[in-house]
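Undergrad: Any chance you can model this:
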Amino acid sequence: MNESRSAFLRVGLLIVAGAGLLVGLIWFLGGSKIRGGTLYESYFRESVQGLEIGVAVKYRGVSIGRVTDIGLVTAEYMADSAESIDKETYRLVFVRYLVDPKRLGRVPDTDAAVKLGLRSRLASAGLTGVTYIELDFVDPVRSPVVALPWTPKVAYIPSVRTTLSEVEDATKLLIDQVNKIDLVKFANSANTLLDTSTALMRDLQAQTKAADVPGLLADIRQTSTALRALTENPDLRKSLANSAVATEQLTRLIAQIPPMIAQFPPLIAAAQGVTKRADAGVADTQQALVPLLRDMAAAVANLRDLTDGLRRNPAQILVGQPPTRQPERSP
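TA: You can find the predicted model right below:
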């Protein structure tokens with residue numbers, strides 16, 4: 001009897017020692033080596049099922065700390081408060097964790113890091129693995145900082161939802177939208193649309209028959225055949241070739257126009273010089289002809305007087321001046 005009790009005692013001591021070793025191993029792997037560090041806390045809307053005290057806190061997969069406390073916001077910040085707890089923020093779960101600054105190295109202060117997008121999220125080592133806290137930088141615009149109605153007891157790092165939770169929310173929203181659809185009304189609308197489409201197809205077939213589509217296609221074929229024959233006509237090809245030659249000659253002629261235009265200024269200058277010399281000669285001629293024309297006008301006037309005198313007295317050419325007329329005597 002005493003031997004049986006001794007055996008049970010030894011087995012019990014062995015089990016206790018094994019459990020202690022197991023707890024020590026978990027504590028060691030969970031980051032118990034961190035004797036000092038900075039304490040942070042984050043708040044999560046989703047369930048923290050699987051998250052335990054002592055699990056790792058990682059930054060992009062690198063272990064930098066461990067979880068030290070998990071609880072409800074209502075018990076931590078609303079126990080002695082008279083404020084209403086109807087707000088969604090009071091339904092959160094808080095998680096505190098200790099971070100070793102030596103493993104982080106040189107980093108900005110917490111406020112600056114939060115402004116740059118530092119956030120915490122729940123992560124898992126696999127589909128059935130251990131849940132842990134992961135720190136990383138995200139887009140601060142898409143994940144803004146939520147204002148808290150209380151003052152956190154330690155440094156605060158905002159959290160973001162996991163991809164799985166966002167997918168679940170989107171799925172629930174989609175299911176809700178589907179449930180809101182009136183299937184009967186949708187079926188009636190579909191039948192109406194089908195009937196309208198059937199009637200439209202019938203009208204289209206009737207219009208197609210009325211439009212004599214085969215005849216139209218035959219005309220198109222004839223036109224295409226005539227166009228092909230026209231393009232294969234040797235005279236047309238010869239005309240096109242002559243047009244190409246004429247175009248080339250015209251191009252050459254156009255190319256010769258700029259040099260010809262360049263010769264116009266000297267020719268214009270020479271013509272202007274000739275015009276100036278001609279104007280000077282005309283002026284000299286006018287000055288010489290004025291006296292001559294004046295004399296000729298006087299000679300013409302004298303000749304006119306002589307002609308008039310001969311017309312009145314033809315004998316003047318023989319006897320000279322006409323006789324002086326004697327006054328008539330009275331009887």
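Undergrad: Using the three-state scheme, assign residue 203.
TA: Assigned by DSSP: H, G, I helix; E, B strand; the rest coil, the conformation of residue 203 is helix.
Undergrad: quick one, helices of the stretch 101-250 of the chain?
TA: 101-104, 110-116, 163-179, 183-210, 213-231, 234-312 (DSSP state H, counting those that start in this stretch).
Undergrad: mean pLDDT lowest for which of those helices?
TA: Among those, helix 163-179 has the lowest mean pLDDT, at a mean of 63.
Undergrad: thinking residue 49 is in contact with residue 122, fair?
TA: No - between residue 49 and residue 122 there is no contact under C-beta atoms under 8 Å: 9.4 Å. Bear in mind the C-beta positions are built from the backbone N, C-alpha and C, glycine included.
Undergrad: Show me which of the two is the more surrounded one.
TA: Ranked by neighbour count (other C-beta atoms under 10 Å), residue 49 and residue 122 place residue 122 first, with 23 against 7.
Undergrad: Could you double-check that that one lies in contact with residue 133?
TA: Yes - the pair residue 122 and residue 133 passes the contact test of C-beta under 8 Å, sitting 6.9 Å apart.
Undergrad: State the helix or strand in which residue 98 lies.
TA: strand 93-99 (DSSP states H and E).
Undergrad: what's that strand packed up against?
TA: If you count contacts as 3 or more C-beta pairs under 8 Å, 6 or more residues apart in numbering; DSSP states H and E, strand 93-99 packs onto strand 38-44, strand 56-59, strand 62-72, helix 73-77.
Undergrad: hmm, back to that, now do the shared contacts for residue 49 and residue 122.
TA: Residues touching both residue 49 and residue 122 (C-beta atoms under 8 Å, 6 or more residues apart in numbering): residue 131.
Undergrad: Name the residues contacting each of residue 122 and residue 133.
TA: Joint contacts of residue 122 and residue 133 (C-beta under 8 Å, 6+ apart) are residue 51.
Undergrad: Can you report how many residues neighbour residue 254?
TA: 9.
Undergrad: got a list of what it touches?
TA: Counting by C-beta under 8 Å, 6+ apart, residue 254 makes contact with nothing.
Undergrad: ok, it to residue 247 distance?
TA: Using C-beta to C-beta, to the nearest Å, one gets 10 Å for the distance from residue 254 to residue 247.
Undergrad: Just the pLDDT for residue 127.
TA: In the prediction, the pLDDT value recorded for residue 127 is 62.
Undergrad: Kindly report the same for residue 156.
TA: So, for residue 156, pLDDT stands at 94.
Undergrad: my read: it touches residue 40, true?
TA: Yes - look at residue 156 against residue 40 with C-beta under 8 Å: they come within range, at 7.3 Å.
Undergrad: and the gap between residue 238 and residue 149?
TA: Residue 238 is 95 Å from residue 149, where distance means C-beta to C-beta.
Undergrad: Which one's more surrounded, those two?
TA: More neighbours surround residue 149 than the other of residue 238 and residue 149, with 13 against 10 (other C-beta under 10 Å).
Undergrad: Could you pull up the residues touching the residue lying closest to the more buried one once chain neighbours are set aside?
TA: Spatial nearest neighbour of residue 149, excluding adjacent residues (C-beta to C-beta, 6 or more residues apart in numbering): residue 89 at 6.1 Å. Contacts for residue 89 were tallied using C-beta under 8 Å, 6+ apart; they are 43, 73, 146, 148, 149.
Undergrad: from the residues you listed, which would you call buried?
TA: Buried members of the contacts of residue 89, scored by 16 or more other C-beta atoms under 10 Å, are 43, 73.
Undergrad: is it possible to export the contacts of residue 89 to JSON lines including pLDDT?
TA: Putting the contacts of residue 89 into JSON lines (pLDDT from 0 to 100) gives the following:
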{"residue": "43", "pLDDT": "94"}
{"residue": "73", "pLDDT": "90"}
{"residue": "146", "pLDDT": "85"}
{"residue": "148", "pLDDT": "87"}
{"residue": "149", "pLDDT": "85"}
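Undergrad: Between the contacts of residue 89, which sits nearest residue 67?
TA: residue 43 (13.9 Å; C-beta to C-beta).
Undergrad: for the residue nearest to the closest one when sequence neighbours are not counted, phi and psi?
TA: Of all residues not flanking residue 43 in the chain, residue 92 sits nearest, at 4.1 Å (C-beta to C-beta, 6+ apart). Dihedral pair for residue 92: phi -80, psi 170, per degrees, to the nearest 10.
Undergrad: List the contacts of residue 92.
TA: 43, 44, 45, 72, 73.
Undergrad: Which two among these are spaced furthest apart?
TA: Farthest apart among the contacts of residue 92 by C-beta to C-beta are 45 and 72. That separation is 12.3 Å.
Undergrad: Isn't residue 48 up against residue 94?
TA: No - using C-beta under 8 Å, residue 48 makes no contact with residue 94, being 9.6 Å away.
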